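Engineer: just to be clear, the model below is a prediction. Sequence and coordinates:
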Amino acid sequence: MQRRAFLKQAALGAAGGAALAAPAIAQEAPTVTWRLASSFPSESPTLFAGAEDVARYVSEVTDGHFAIEIFPAGDLVQPGQVLEAVQHRVVDCGHTASTRYFDIDPALSFDAGVPFGLNTRQMNAWMSQGEGLALTRVLFDKYNIMNFPCGYTGAQMGGWFRGEVKTVDDLRGLKVKASGFARHVLSRLGATPVDVPVAESYAALEQGAVDAVAWVGPYDDESLALYKVARNYYFPGWWAGTLQLSLYVNQDAYDELPKPYQSALALACRMASANMIAKYDAGNPDALRRLVSRGAQLKAFPKPVLQACYDASLAAYKDLSAKDPMFKKLYDSMVAFRDKEVPWFRVAEGSYDAMIATLGQPGG
């Protein structure tokens, strides 16, 4: 009850003016019911929970007057059709990752995460305090969508490999389950990206239909048990320093909302984002230990392999920037922000983490 009261006060305060007493809200608040299509199955609890958090928070803030019904991936629309469904208001909103729509518009990836891009805190800062949100909203405007950051996975792992990756030549001809921008760069390196539903990834690895599967990280990967058929667990996931999920909202549906409901929605997305990264930060360490105890072999991508991936990514950025002014504008903004942030993170965050890791250790 205390949380509900706090959320109600915060949302109404953000809309402007003093918060009203509950009876007055009940008298004036219209009933709004939305449908939300998720790109994530309910079996992916952390990713799917982002939409559940949004629906719960807006309901609590509005005393149940703003209700959002959630449809898991495939129930109403397929995972890769959420953008189109929201654009044409088949649903009022959708919860997804914009990397899914690289083939529709590569620039959409900047709303999610790009190769050698921003980490979670940098992405959040670029979106909320830099140009990220303003620029991506210009991009989404042509799809009649308003985007809200709504969840972060943090830095991801590089995936499960049946064999070892010792040189960049080991990527050539490798069948890899990957998506979005990663597929594009891996193709440049001679790998063969393959579309496999995550639920079928174990069987695909076991039968040799794929040689590697990139999913999220230990907390999500553990339930897939991929360590039984592909023990080499590589890091880092260079194709994104984080994955930002987004709530896509049909612009017409958003414009029809009362101002307090609009503020409640924005607040709910922020709280869902904070919840998701907290769940990953809390769950990944224990999940990784369990995976290693069951036979997963942690391996870092060799520096020459990462350098080749970086060079291929730069070439992709150059080509795509030449074709699309909006892509170039987003890329230039992201790189400028990243290059400003990284030195600070090395001085402060990086040095603090290194200090904690080494103090009290032999030779520390």
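Structural biologist: Yes, it's here.
Engineer: tell me, how many residues neighbour Ala312?
Structural biologist: 20 (other CB atoms under 10 Å). In this view, the C-beta of every residue, glycine as well, is placed from N, C-alpha and C.
Engineer: name the element it belongs to?
Structural biologist: Counting by DSSP states H and E, the element that carries Ala312 is helix 303-323.
Engineer: now whatever helix or strand comes next after that helix and helix 303-323, what's the angle there?
Structural biologist: Moving toward the C-terminus from helix 303-323, the next helix or strand (DSSP H and E) is helix 325-345. For helix 325-345 against helix 303-323, the angle by axes from the mean of the first three to the mean of the last three CA atoms, to 10 degrees is 140 degrees.
Engineer: does helix 325-345 pack against any helices or strands, and if so which?
Structural biologist: Contacts defined by 3 or more CB pairs under 8 Å, 6 or more residues apart in numbering; DSSP states H and E place helix 325-345 against helix 120-128, helix 132-141, helix 303-323.
Engineer: so which bits of that helix are buried?
Structural biologist: Buried positions in helix 325-345, judged by neighbour count with 16 or more other CB atoms under 10 Å: 326-331, 333-334, 337-338, 341, 345.
Engineer: which of the residues you listed sit farthest apart?
Structural biologist: Farthest-apart pair in the buried residues of helix 325-345 is Met326 and Phe345; separation 27.7 Å (CB to CB).
Engineer: assign Pro149 to helix, strand or coil.
Structural biologist: Following DSSP: H, G, I helix; E, B strand; the rest coil, the label given to Pro149 is strand.
Engineer: quick check: it touching Thr120?
Structural biologist: No. Pro149 lies out of contact with Thr120 (CB atoms under 8 Å); the separation is 10.7 Å.
Engineer: have a look at the two and say which one is more surrounded.
Structural biologist: More crowded of Pro149 and Thr120, by other CB under 10 Å: Pro149, with 23 against 20.
Engineer: tell me where the protein has helices.
Structural biologist: For the chain, the helices defined by DSSP state H cover 2-15, 22-28, 45-61, 82-87, 120-128, 132-141, 180-188, 201-207, 218-221, 251-256, 259-293, 303-323, 325-345, 351-358.
Engineer: any idea which of those helices gets closest to Gly74?
Structural biologist: Of all those, helix 82-87 comes closest under CB to CB, at 11.0 Å.
Engineer: output the closest one as CSV, restricted to C-alpha atoms.
Structural biologist: Below are the C-alpha coordinates for helix 82-87, written out as CSV (Å, rounded to 0.1, in the frame of the first residue of the first chain):
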residue,chain,number,x,y,z
VAL,A,82,5.8,-6.2,-32.7
LEU,A,83,7.0,-3.1,-34.5
GLU,A,84,4.5,-3.5,-37.3
ALA,A,85,1.7,-4.4,-34.9
VAL,A,86,2.3,-1.3,-32.8
GLN,A,87,2.7,0.9,-35.9
